[in-house]
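[1] Below are the sequence and a predicted model; questions follow.
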Amino acid sequence: MKKFTKVLAILMVITMTACLFASCGANTGKEKSDSITITEGKLVMATNASFPPYEFVGDDGEFAGIDVEIAGLIAEKLGLELEIVDTEFGSIIGGVQGGKYDIGMAGMTVTEERKKSVNFSDSYATGVQAIIVPEGSDITSFDDFFNEDGSVKDIKIGVQQDTTGDIYVSDTVENGGVGADHVIQYKTGNDAVQALVAGKVNAVIIDNEPAKSYVASNEGLTILDAVYTEEHYAIAVNLDNAALLEAINNALAELTQEGKIAEVVGKYISD
Amino acid sequence: MEKWLQDLSDQFKLNFIDGDRWKWLLEGFENTLIITFFATLIGISIGVVIAIIRSTYAKNSESLKKRGGVGFYVLNVLDKICGLYLTVIRGTPVVVQLLIMYFIIFESSNNSTMVAVVSFGINSGAYVAEIFRGGIMSVDNGQFEAGRSLGFNYIKTMRYVVIPQMFKIVLPTLCNEFIVLIKETSIAGYVGIRDLTKAGDLIRGRTFSAFMPLIAVAIIYLAVVVLFTKLVGKLERRLRSSDH
């Protein structure tokens, strides 16, 4: 038994080290190739397809949404074939950084923290974090999460794990959040909204456009007029891949000039 | 090599020290242990009851039928209910069961840890029941007859003769089930519970590095399982001493 444990421990260490070297190797290996993407001729985009109207799985089972269409237009400009990978939101940046995906596009807000791990393209859309509550709720603004003495009320806020909504609200009160103890992180925005409908959380904080879709498809919910934060969405690209970043930015600029971005956005969002 | 070490220690600091992120892991570990512990208790309780019903039915239904009376019908119905429970629970994935519990059955409950304990307990109960039933059935019928001929009644024979022998038979499989269960709780994150896996995920989502949080989580699970296996090994050795 003892021997077995020892062998196991050694094996584990070897595997771990091998993994570490393998991940280093992947990064350096990619730079040598001429292709600006990981697989030649393909643009692999990682997203989390439960974030309407930016990305979702349409009635026909195909990916759809603003990000999906814009990525399609960019791929067309670059002469690449678009391939979409649906993964957890929290795994997207790690995957782009590790050289698993070419780009990450998931209504992703540019933050200083994220900039340390990936490069961001020029912003192609703006969003705000909205607060969803049941109709007739006592909560009418972000301040209502707090008691008069500044302490946080006995409430729970549902969020989609790893989104900016999650990261901001989970932060301490001093940093503008409510503290992690008052936050429940769900895998998808939809789960958070279902929990709100069931009364498991008092409010959901999520990007404004998905919030509208969720409220439209669930009765008895409403979005507060008071917004939580404003932010810019951009495409995440590997830090070492300056060529792809430049190509994407050029494509975005052209598409904006041709009015195609506004066209796509207008198709999904009508105010 | 030096750079590599430096990288490693930077990563360690970023993932565990900065923002007191190790506290997430500790909290997650605690929740994982709590869920596993109480789910095991529920699982074993359900398992014992069902195993006794099913094995009693299997062993005695013939003679009860001959004797007539309500006993046979009651046992028959109980056995059918247990069979249905086993079919449903073993026939559906535990993630789906957890989501059904959280979003449908316990819709109005805010205590998600309790919901997880109940769903994992009910799930584990089905497997434990079959483990125990296999154990009871594998104790030679002669043992039972010997107990009865010594003047023990049915319950006493079970309590002093059959169950102790069964326990020794099922222990390795039962240990196996516990190991499966502790790792199965890693899906608790689906319903917003911060268990160990979720804690690692949360760190990963904030530091965008996969290596440290995932390996740390893996090592903690492994350590628990290794420790537990050792304890069960000791218990098995102790039990074996009665063989001589």
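    That came through, no problem. Numbering: from 1, shown residues only, chains lettered A, B, ... in the order given.
[2] For the strand or helix carrying residue B:4, name the packing helices and strands.
    For residue B:4, the enclosing helix or strand under DSSP states H and E is helix B:2-12. With contacts taken as 3 or more CB pairs under 8 Å, 6 or more residues apart in numbering or on different chains; DSSP states H and E, helix B:2-12 sits against helix B:211-240. Using the backbone N, CA and C atoms, a C-beta is placed for each residue, glycine as well.
[3] Direction-wise, compare the helix it packs on with helix B:2-12 and give the angle.
    Comparing the axes of helix B:211-240 and helix B:2-12 via axes from the mean of the first three to the mean of the last three CA atoms, to 10 degrees yields an angle of 80 degrees.
[4] Helix B:211-240 and chain A, any residue contact?
    Yes: counting by CB under 8 Å from any CB of the partner chain, chain A is contacted by helix B:211-240 at B:211, B:215, B:219, B:222, B:226, B:230, B:233.
[5] okay but the first one is in contact with residue B:10, surely?
    No: counting by CB atoms under 8 Å, residue B:211 stays clear of residue B:10, with 11.8 Å between them.
[6] quick one, helices of the chain?
    In the absence of a named chain, chain A is used. Counting by DSSP state H, one finds helices in chain A at the ranges A:2-32, A:66-78, A:89-97, A:112-115, A:164-170, A:189-197, A:208-217, A:242-257, A:260-268.
[7] Switch to chain B, please.
    Under DSSP H, chain B gives helices at B:2-12, B:22-67, B:70-91, B:94-100, B:112-138, B:141-149, B:154-157, B:163-184, B:196-207, B:211-240.
[8] Including mean pLDDT, could these go into TSV?
    As requested, these are exported to TSV (pLDDT from 0 to 100):
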stretch	mean pLDDT
helix B:2-12	87
helix B:22-67	91
helix B:70-91	93
helix B:94-100	95
helix B:112-138	94
helix B:141-149	91
helix B:154-157	88
helix B:163-184	92
helix B:196-207	88
helix B:211-240	93
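[9] how about the residues of chain B near chain A?
    B:24, B:103, B:107-110, B:112, B:189-192, B:194, B:198, B:201-202, B:204-206, B:208-211, B:215, B:219, B:222, B:226, B:230, B:233.
[10] which residues touch the residue of chain B found nearest chain A?
    Nearest to chain A, among the residues of chain B, is residue B:205, at 3.1 Å (CB to the nearest CB). For residue B:205, the contacting residues are A:89-90, A:161-162, A:166-167, by CB atoms under 8 Å, 6 or more residues apart in numbering or on different chains.
[11] from these, which is closest to residue A:155?
    residue A:166 (15.8 Å; CB to CB).
[12] Mind listing the residues bridging to the residue lying closest to the closest one once chain neighbours are set aside?
    Excluding the flanking residues, the one nearest residue A:166 by CB to CB, 6 or more residues apart in numbering or on different chains is residue A:159, at 4.1 Å. For residue A:159, the beta-bridge partners are residue A:185 (DSSP bridges).
[13] number of nearby residues for residue A:159?
    Residues within reach of residue A:159, counting by other CB atoms under 10 Å in any protein chain shown, total 26.
[14] mind checking how far it is from residue A:177?
    11 Å (CB to CB, to the nearest Å).
[15] Spit out the residues that contact those two alike.
    Common contacts of residue A:159 and residue A:177 (CB under 8 Å, 6+ apart): A:169-170, A:183.
[16] ranking those residues by neighbours, who comes first?
    Among the shared contacts of residue A:159 and residue A:177, residue A:169 has the most neighbours (other CB under 10 Å), with 27 neighbours.
[17] which residue sits closest to that one, ignoring its sequence neighbours?
    residue A:177 (4.8 Å).
[18] Confirm for me that that neighbour is in contact with residue A:171.
    Yes: counting by CB under 8 Å, residue A:177 sits close enough to residue A:171 to count as a contact (3.3 Å).
[19] So between those two, which is more surrounded?
    residue A:177 (19 against 16).
[20] Residue 125 - how many residues pack around it?
    Defaulting to chain A. By the criterion of other CB under 10 Å, residue A:125 has 18 neighbours.
[21] my bad, chain B
    By other CB under 10 Å, 25 other residues sit near residue B:125.
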